[in-house]
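Asks: Model the structure of this input:
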Amino acid sequence: MLSNSDESNVLNTFNLCNCGDFNPGLSRSLSHSCYTHYGCPSEMNGQRAPPPPPPSSSVSRIPRGAARPRQGLSPRINHSFAPVFHERTHDEDAAILSDHLWKLARKTGHLNLANKGMARVPERLYDINDADEDSKKINLEQLSLNEEDAWWNQQPINNLDLSSNALTHLSPKIENLSTLTVLQLHDNALVALPPELGKLEKLVRLNLSHNKLNELPAELFSLPELRHLNISHNEFTELNPDISNLHMLEFLDAGNNNLKGLPGGIGFLVRLTALLLPNNHIVELPPDIVNMRSLQKLDLMKNDLTGLPEDMGLLRKLQCLYVQHNDIKELPSFEGNESLNELHASNNFIERVPKDLCSNLPHLQIFDLRDNKIKQLPDEVCLLRNLNRLDVSNNAISVLPVTLSTLAHLISLQVDGNPIKTIRRDIIQCGTARILKTLQERAQAKDRLAVDAMSCATGQTTVDDMPAGSVDNYQQRQQHVAPVQHSYPGQQQFMPQPEHICFYYPQYVMPQRFQEQQRFNHYMPQPQQLPYDDSFGPAPPPHMSHQLPQQQQQQEHHVNFTPCAVHPRWVYKLRHTRTLAVNVENLTDVPDHVFELAAAEQVHVVDFARNQLKALPNGLQHMSKLVTELVLSHNAISHVHPFISQFTRIAHLNLSNNLLTDLPLEFRVLNTLRELNIANNRFTFIPKALYELQGLEILIASENRIKALNVAGLEGMSRLNTLDLRNNDIESIPPILGNLTNITHLELIGNPFRQPRHQILIKGTDAIMSYLRDRIPI
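Replies: Residues are numbered from 1 along each chain as shown. Now for the predicted structure:
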């Protein structure tokens, strides 16, 4: 019991605390919240509080060291009984499909329920295509006021996104959504799928990745329109052989599973363009995989493959092949895979690079061979004329072939981790340009030694010893140009003559039938190793005539003839790749007889990149009916001659890195042209002639000075799917550009316009086109 004085002290203390909600009935039990929460300020030292001092303006009402009491009860709601992580109930899942989402889905045909934490699909969803009874009862007067909500103006659901939830099963009622074309079910916890999924006959795209599936219902393989199937990151150990019944399938991703093989008959998927099978345990590919004639991308990395089919060449449209992190010991020759652009074969046990591989892959741009057992690169690597990146790091290579210096487009050469003894370590550390320069210097020195040795052995003279006027103008222009290299494939078959050497024979004999072929005075076969073949061109000089067959010697007669050498390396490429590739030779002109020789060999690819050409060589006209690919990048071309209209078969044209400001109107007749690269020039507008190219699919016009877009002209290019306009001076983007649905790849970064913002540009083409369409005035 408290005395009267004690009770008075307690009351005074509460008054000092200014609690405001003191209940005198609790004074004797001392159970007020000020005591239970803060403690009594006057009893902090465990002693009875002294009588309070008289009120004074200079003395604080709160004792020293005491916490300031809370001013009333907190208005915040107590969430202690509603934990964040708990099992969702039926009502909570049903509430996610709100009336607003319901109306929006019925208006647009798209419903997005991704990342909602649902454990089950709301039952109401399966009836979304049915008309509401309430909307049917509304009279015409009410519908006229709000016609958008009328049931006849609603769209059937065609795109449903249920990804990133906690779904474990789907209801068989999924068959009610028969209008679905896209169904996203990735990143859930699905363990099985209902057979009724096979009744979605309009389904085009199905994503089941990142679940716990180990089999698919057999009914799913009867979907007649399915083109995109993603079952990656699941628990599949095998694929159902019935998957070959998906005849319309174009994309299949089954990566990151436990597959040990592929079913027989998978080759019936003849429309498949991308087959992704990484991170599995596949040991061998079925033989009929080469029947996928439309396949463009094949990803087999991180499997247990020991080899690839020898007839890989049947995949003629294959562009990208990924086989890194396997147990492959040997690569096939890839004969027929001329479209292959990327070959990734790192982290295997490959010991050599086949010579035939180099001649069979003229369009290869990326060749990744790091972390293998390769000891030597073949000289034929120079035939990979379009190679941009070569990675042979961490192998056993001791010598780099000097032919690497002839690859005009090579910008990345990785050789670290090899026991290279012929090039100093500091040179290797300087990078690609320094390595290639070193190889080029050694090739030039090797050529000079070869020429000196030949001159001493045969008594032949060089250009400096020839009589005045005995060498044509082309050779005079080239005599001071140092050759790049002479270590080329097939060197033993041809005279190793550098470009600045031309042999002069005042009077020597030639068979009569070659008088009409004097224009093919291009090279001399080596008589010590090859018998004379009239298909090679002019006969050898007189002092070699004893090597000819007797019948040919009887037909000889005297003519004046001065042959001029064409580099034997060019000739080798002509015959083995049907390609005329002359790069990094500092050429300012090319004589006509070079193109006549190429035409005779049925060459269809011409590459004069990285030279000093100021215009298209006139001799190109001799090949106008043959050329399908013409590369003239990295020159000084300021105009294109109108005779370009004669190239009736050209499909690829590269004029990048020149000085062009416009293209002639004759361009508009190039109906076969599919890809045009005019990047890094001086264009201020897209040339008008291009708008009439109905077959053009790829237009690369980056790094120019283009200021505006002619959308009306672009609308006429119905097949254009790639438009690259990076780093120009475009000040505004017309919103109607978003209506060009045929454009699937649009690059606009690096221009001075303000809209769309950079954050939208980096999201990709779909985001850009959607942004532009939303800003088209109504």
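Asks: ok, the spatially closest residue to Val392 that is not a sequence neighbour - contacts?
Replies: Nearest residue to Val392, sequence neighbours excluded (CB to CB, 6 or more residues apart in numbering): Leu369, at 5.0 Å. C-beta coordinates here come from the backbone N, C-alpha and C atoms, glycine included. The contact partners of Leu369, by CB atoms under 8 Å, 6 or more residues apart in numbering, come to Ala345, Ser346, Ile350, Val353, Leu390, Asp391, Val392, Asn395.
Asks: Same check on Pro286?
Replies: By CB under 8 Å, 6+ apart, the contact set of Pro286 is Gly261, Leu262, Pro263, Gly264, Ile266, Gly267.
Asks: okay but the second one is in contact with Ile282, surely?
Replies: Yes. Counting by CB atoms under 8 Å, Leu262 sits close enough to Ile282 to count as a contact (6.8 Å).
Asks: okay, the two: which has more neighbours?
Replies: Neighbours were counted for Leu262 and for Ile282 using other CB atoms under 10 Å; Leu262 has more, 22 against 19.
Asks: what sits against the more buried one?
Replies: With CB under 8 Å, 6+ apart, Leu262 has these contacts: Leu239, Leu277, Ile282, Leu285, Pro286, Ile289.
Asks: 7 Å - rerun?
Replies: Leu239, Ile282, Leu285, Pro286 (CB atoms under 7 Å, 6 or more residues apart in numbering).
Asks: Tell me how far it lies from Asp299.
Replies: Remark: distance between Leu262 and Asp299 (CB to CB, to the nearest Å) = 13 Å.
Asks: Then Arg682?
Replies: Separation of Arg682 from Asp299 (CB to CB): 40 Å.
Asks: And for Ala94?
Replies: 41 Å.
Asks: re earlier: check the residue nearest to Val392 and give its pLDDT.
Replies: Turning to Leu369, the model gives it a pLDDT of 96.
Asks: Mind checking which of the contacts of Pro286 are buried?
Replies: Taking 16 or more other CB atoms under 10 Å as the criterion, what is buried in the contacts of Pro286 is Leu262, Ile266, Gly267.
Asks: and Leu364, what does it touch?
Replies: The contact partners of Leu364, by CB under 7 Å, 6+ apart, come to Leu340, Asn341, Leu343, Leu384, Asn386, Leu387.
Asks: go with 8 Å
Replies: Neighbour list for Leu364: Leu340, Asn341, Glu342, Leu343, Leu384, Asn386, Leu387 [criterion: CB under 8 Å, 6+ apart].
Asks: could I get the residues you listed as a markdown table with distance to Leu407 and secondary structure?
Replies: Output for those, formatted as a markdown table (distance: CB to CB, whole Å; DSSP: H, G, I helix; E, B strand; the rest coil):
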| residue | distance to Leu407 | secondary structure |
| --- | --- | --- |
| Leu340 | 17 | coil |
| Asn341 | 15 | coil |
| Glu342 | 16 | strand |
| Leu343 | 15 | strand |
| Leu384 | 7 | coil |
| Asn386 | 9 | coil |
| Leu387 | 5 | coil |
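Asks: Who wins on neighbours among those residues?
Replies: For the contacts of Leu364, the largest neighbour count, defined by other CB under 10 Å, is 27 neighbours, found at Leu340.
Asks: pLDDT score for that residue?
Replies: 94.
Asks: The one 10 residues further on too?
Replies: At Ile350 the predicted local confidence, pLDDT, stands at 96.
Asks: quick one: it and Leu331, what's the gap?
Replies: Taking CB to CB, one finds Ile350 at 6 Å from Leu331.
Asks: How about Thr406?
Replies: According to CB to CB, Thr406 and Leu331 sit 22 Å apart.
Asks: between the two, who's got more neighbours?
Replies: The neighbour count for Thr406 versus Leu331, taken as other CB under 10 Å, is higher for Thr406 (26 against 21).
Asks: Double-check Leu416 against Asn395; I have them as touching.
Replies: Not Leu; residue 416 is Asp. No. Using CB under 8 Å, Asp416 is not in contact with Asn395; the gap is 10.0 Å.
Asks: The two: which has the busier surroundings?
Replies: For the pair Asp416 and Asn395, the greater number of neighbours falls to Asn395 (22 against 13), based on other CB under 10 Å.
Asks: helix/strand/coil for the more buried one?
Replies: When classified by DSSP: H, G, I helix; E, B strand; the rest coil, Asn395 comes out as coil.
Asks: Could you check the pLDDT of it?
Replies: At Asn395, the model reports a pLDDT of 96.
Asks: ok, the spatially closest residue to Ser222 that is not a sequence neighbour to Asn245 distance?
Replies: Closest residue to Ser222 apart from its sequence neighbours, by CB to CB, 6+ apart: Gly198 at 5.4 Å. Distance of Gly198 to Asn245, given as CB to CB: 11 Å.
Asks: Give the intersection of the neighbour lists for those two.
Replies: Phe221, Ser222.
Asks: about what we covered before: can you list which of the contacts of Pro286 are found in strands?
Replies: Residues of those located in strands (DSSP state E): none.
Asks: In which helix or strand does Leu663 reside?
Replies: Element membership of Leu663 [criterion: DSSP states H and E] is none; it lies in no helix or strand.
Asks: just checking, it touches Val640?
Replies: Yes. Look at Leu663 against Val640 with CB under 8 Å: they come within range, at 5.8 Å.
Asks: ranges for the helices of the stretch 301-450 of the chain?
Replies: Using DSSP state H, counting those that start in this stretch, the helices of the stretch 301-450 of the chain run over residues 355-360, 425-429, 432-458.
Asks: Compare those and report which one is nearest to Arg649.
Replies: helix 355-360 (21.8 Å; CB to CB).
Asks: burial count for Ala712?
Replies: If we define neighbours as other CB under 10 Å, then Ala712 has 10 of them.
Asks: quick check, Arg106 in a strand?
Replies: No. Under three-state DSSP, Arg106 falls outside any strand and is assigned helix.
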